[in-house]
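# can you look at this prediction? I've put the sequence above it.
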Amino acid sequence: MSAAQNAPGKPASGTPAAAAFATLFLLLPAGLVLGAAFLLPLARLFGLSGSMPAGVLAPYLELLGDDVYRKVFFNTVFFAIVVTAVTLVLGYPLALALARMRAGWRALFLLAVLMPLWISVLVRTFSWMLLLERNGPINRALIASGLTDTPMSLLFNKTGVLIGMVHVLLPYAVLPIFGAILRIDPALLRASEGLGAPRHVTFRRVLLPLSMRGVATAATFVFLLSLGFFITPALLGGASEITLSMLVENLVNERLAWPLAAAASVILLALTLALLAVAGRFLSPAAVAGVGR
Amino acid sequence: MSTVRFAGVSRRFLEITALHPTDLEVRDGEFLTLLGPSGSGKTTLLTICAGYLPPSGGRLFVGGRDVTDLAPRHRNIGMVFQNYALFPHMTVFENVAYGLRVRRVAAQELARRVGEALRMVQLDGFADRPVPMLSGGQQQRVALARAMVIEPDILLMDEPLGALDRQLRKEVQLEIRRMHVARPRTTIYVTHDQEEALVMSDRIAVMRAGRIVQAGSGRDLYERPADAFVARFLGESNLVAGTVQSLGDGRAVLAAPGIARPIAGRAAPGLAAGARAAALIRPEALRPEAGGLSARIVERVYLGELAALRLVLEGGHELWCRCFSAAAPGEDKVEIGWDATAVSILPEVNEP
């Protein structure tokens, strides 16, 4: 029908095939870069991990069968879980406070949350080393306040790693939660209050459930970033708290065990993808959009 | 007893006065509509009544008790919000049950009362639907059921029909009216739609620039408006400007330049002899009259049963006339007059 072909608002290349071609064309540059810089090396990594004379699965078996390596896996997941939990517990009230502020104050505090992201992780981690030292300002303050007699060991152990990682990753927890709370219609909170609900009930039954997608996004961000974290655990944890990414670095730089390093990388990648698949079920764009209504 | 009394209630936002000191009493079981254009202070007054906004001055009494400093959750109000404010993560049942759960109503009674409320708004069978799946009209009724199920002392509604299409709006208006007649409950309703106000209210308070200009029954306001603003806001109106020629005994005569005969009518309060004023002649009060003012029909608008005619008088004045389509004059040259008992002489107001 000629009338339909001339319908206003329809692009000239209206057929599905042409539309698909246009989409492909638009994706081409990014696809080329991704292919050359990411997919090819990834394939090579897979290849490396299978290049041991003992067989394709040998490096994986070695990694998963050894107690030392298993402790590394455990450490990595342990840090990720604890850091995620702590950042959520610290981040939620912060995000809520931000969402409730007047515009002027909010801009200021939002800046305070974002600013650390503009400073190199390396610089921030070194700063923590200075703060957490045996004779650093934190220990001196603790002793001066009488809370402890002897300096606490805050560095080169789990405590140090956790403090540093929580600090670096906190903004990634705050921002999604803040966004989710901001999208909640304030009339819903007023409706709850008008129906007779005390504040804690409004929080538990309206605010918290409606911000859960933000919490899930935050948890996914922080957990995935924690799994691959390198600088902070390397500097604040030292030799006793090795994580997967530190292990890879060690295997490559110290031991030149490329197949093992590649296998460790593949395991980390598999772990990440598996988590993303689970999180994706909760974080589909349609589901996120459906909440704001 | 749920009489609501505003005593000198006012509200300022920084240097802007949203509501001048206002006195208003809503009787127990009365349906009162706050009618006015946007920015007239009607929602401010409602929000103060709900307790979401503290007044800058004055006190608010419900059933004789001073509730000015009472938090919303202690006021036992049912509020229907402009965009319904239904909880999107809950089913219809859970939305309606919310206020009862907060009040720790036992499960069996809760189910009975929610069921009853849903039947009242004709949504039985929808209890397990998630709210986002409902149409606008259905959501509106869930909001109504949620507000009513807690047996509130006062029902507050903030333009609850604004998002519905015209046909649905008319149906829901009548439904709300019927529910109110069946079970009268002190109700304050905010709208800018005059028809809505006329259909539902026992009494209407017309607001303008943070003040109540006039309060009364729809008929009072239509037939005896206090000024030209109210006249224009309720119904169609022809306003003819002039000066007051004589005044007395509740009647006034207006001399309008360009109109040969003086216009007599009911005198609104606030008129002074010799002052500028306006005559209100409702379109339906105009009629053909042999020996009347000669006029020309320059536009005919067919409205179905009624026809609207735009008339131009010899002096250049333009008047709208409404009559039954079947009775509309065929020729364009007419002589017209009006029912003198339906004319009001109103003080002039400076339009904002």
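Looks like it arrived, so ask away.
# does residue A:163 touch residue A:128 like I think?
Yes - Residue A:163 lies in contact with residue A:128 (Cβ atoms under 8 Å); the separation is 6.5 Å. From N, CA and C alone the C-beta is placed, and that goes for glycine too.
# who touches both of the two?
By the contact definition Cβ atoms under 8 Å, 6 or more residues apart in numbering or on different chains, residue A:163 and residue A:128 are jointly contacted by residue A:236.
# which helices and strands does the host helix or strand of residue A:273 pack with?
Assessed by DSSP states H and E, residue A:273 sits inside helix A:258-282. Judged by 3 or more Cβ pairs under 8 Å, 6 or more residues apart in numbering or on different chains; DSSP states H and E, helix A:258-282 is in contact with helix A:40-49, helix A:58-65, helix A:208-227, helix A:244-253.
# next one: the lengthiest strand in chain B to chain centre, how far?
In chain B, ranked by residue count with DSSP state E as the criterion, the top strand is strand B:286-302. Chain-centre distance of strand B:286-302: 31 Å, with Cα atoms, centre = their mean, to the nearest Å.
# quick check: next helix or strand after it?
strand B:306-313.
# other residues contacting stretch B:44-58?
Applying Cβ under 8 Å, 6+ apart, the contact partners of stretch B:44-58 are A:190, A:193-194, B:4, B:6-12, B:18-19, B:21-22, B:24, B:34, B:60, B:67-72, B:75, B:77, B:79, B:154, B:156, B:158, B:188, B:190, B:207, B:210.
# from residue A:108, how far out is the residue of the stretch 1-150 of chain A found nearest chain B?
Per Cβ to the nearest Cβ, residue A:102 is where the stretch 1-150 of chain A lies closest to chain B, at 13.1 Å. Separation of residue A:102 from residue A:108 (Cβ to Cβ, to the nearest Å): 10 Å.
# so which of these two has more stuff around it?
Counted by other Cβ atoms under 10 Å in any protein chain shown, residue A:102 and residue A:108 do not tie: residue A:108 has more neighbours, with 10 against 7.
# give me the phi and psi for the residue of the stretch 1-150 of chain A closest to chain B.
phi -70, psi 150 (degrees, to the nearest 10).
# for chain A, what's its nearest residue on the stretch 101-250 of chain B.
Counting by Cβ to the nearest Cβ, the stretch 101-250 of chain B gets nearest chain A through residue B:102, at 4.5 Å.
# ok, residue B:253 to residue B:221 distance?
24 Å.
# between those two, tell me which one has more neighbours.
A direct count of neighbours by other Cβ under 10 Å for residue B:253 and residue B:221 places residue B:221 higher, at 27 against 18.
# quick check: closest non-adjacent residue to that one.
Take residue B:221 and drop its neighbours on the chain: the residue closest to it by Cβ to Cβ, 6 or more residues apart in numbering or on different chains is residue B:234, 5.2 Å away.
# what about residue A:234, which helix or strand?
Counting by DSSP H and E, residue A:234 is part of helix A:231-237.
# pull out the buried positions in the helix ranked longest in chain A.
If you go by DSSP state H, chain A has its longest helix at helix A:67-100. Across helix A:67-100, burial judged by 16 or more other Cβ atoms under 10 Å in any protein chain shown covers A:69, A:72-73, A:75-80, A:82-84, A:86-88, A:91-92, A:94-96, A:98-99.
# now stretch A:223-230
By neighbour count with 16+ other Cβ under 10 Å, stretch A:223-230 contains the buried residues A:223, A:224, A:225, A:226, A:227, A:228, A:229.
# so who does the fourth one touch?
Residues in contact with residue A:226 (Cβ under 8 Å, 6+ apart) are A:79, A:80, A:83, A:84, A:165, A:169.
# show me which of those is closest to residue A:205.
Distance ranking of the contacts of residue A:226 against residue A:205, using Cβ to Cβ, places residue A:84 first at 24.7 Å.
# looking at that closest one now. What's its pLDDT?
On pLDDT, residue A:84 comes in at 95.
# what sits up against the helix holding residue A:234?
A:79, A:121-122, A:125-126, A:128-129, A:132, A:155-158, A:160-161, A:163-165, A:168, A:241-243, A:245-246, A:249.
# shaky segments in the stretch 1-150 of chain B?
For the stretch 1-150 of chain B, applying pLDDT under 70 flags the ranges B:1.
# would you list every one of the helices in it?
Using DSSP state H, counting those that start in this stretch, the helices of the stretch 1-150 of chain B run over residues B:42-50, B:92-102, B:107-120, B:136-148.
# the longest one packs against which elements?
I take that to be helix B:107-120. When contacts are defined as 3+ Cβ pairs under 8 Å, 6+ apart, helix B:107-120 sits against helix B:92-102, helix B:136-148.
# near chain A, which residues of the stretch 1-150 of chain B are found?
Within reach of chain A by Cβ under 8 Å from any Cβ of the partner chain, the stretch 1-150 of chain B has these residues: B:50-52, B:71-79, B:81-83, B:85-89, B:98-99, B:102-103, B:132, B:146, B:150.
# try it again at 6 Å.
B:52, B:72-73, B:77, B:79, B:81, B:85, B:88-89, B:98-99, B:102-103, B:132 (Cβ under 6 Å from any Cβ of the partner chain).
# how far off centre is stretch A:216-226?
That offset, for stretch A:216-226, works out to 4 Å (Cα atoms, centre = their mean).
# where in the stretch 101-250 of chain A is pLDDT low?
For the stretch 101-250 of chain A (pLDDT under 70), the answer is none.
# residues touching residue A:155, list them.
residue A:132 (Cβ atoms under 6 Å, 6 or more residues apart in numbering or on different chains).
# on the three-state scheme, it is what?
Three-state assignment for residue A:155 (DSSP: H, G, I helix; E, B strand; the rest coil): coil.
# look up how far residue A:126 lies from it.
12 Å.
# do residue B:273 as well
90 Å.
# and what of residue A:69?
From residue A:69 over to residue A:126 (counting by Cβ to Cβ), the distance is 29 Å.
# and for residue A:39?
Using Cβ to Cβ, residue A:39 is found at 35 Å from residue A:126.
# can you tell me the SS state at residue B:240?
Criterion first, three-state DSSP; result for residue B:240: strand.
# run a quick neighbour tally on it.
Residues near residue B:240, counting by other Cβ under 10 Å: 21.
# tell me the bridge partners for it.
Taking DSSP bridges as the rule, residue B:240 bridges to residue B:279.
# I'd say it and residue B:255 touch.
No - contact between residue B:240 and residue B:255 fails when scored by Cβ atoms under 6 Å: they sit 10.4 Å apart.
# shared neighbours, those two?
With Cβ under 6 Å, 6+ apart, residue B:240 and residue B:255 have no common neighbours.
# quick one, what contacts residue B:158?
Taking Cβ under 6 Å, 6+ apart, one finds B:43, B:46, B:81, B:82, B:190 in contact with residue B:158.
# and the strand or helix carrying residue A:171, what does it pack onto?
Here residue A:171 is covered by helix A:158-182, with elements defined by DSSP H and E. Applying 3 or more Cβ pairs under 6 Å, 6 or more residues apart in numbering or on different chains; DSSP states H and E, one finds that helix A:158-182 makes contact with helix A:67-100, helix A:103-118, helix A:121-132, helix A:208-227, helix A:231-237.
# this completes my enquiry, with thanks.
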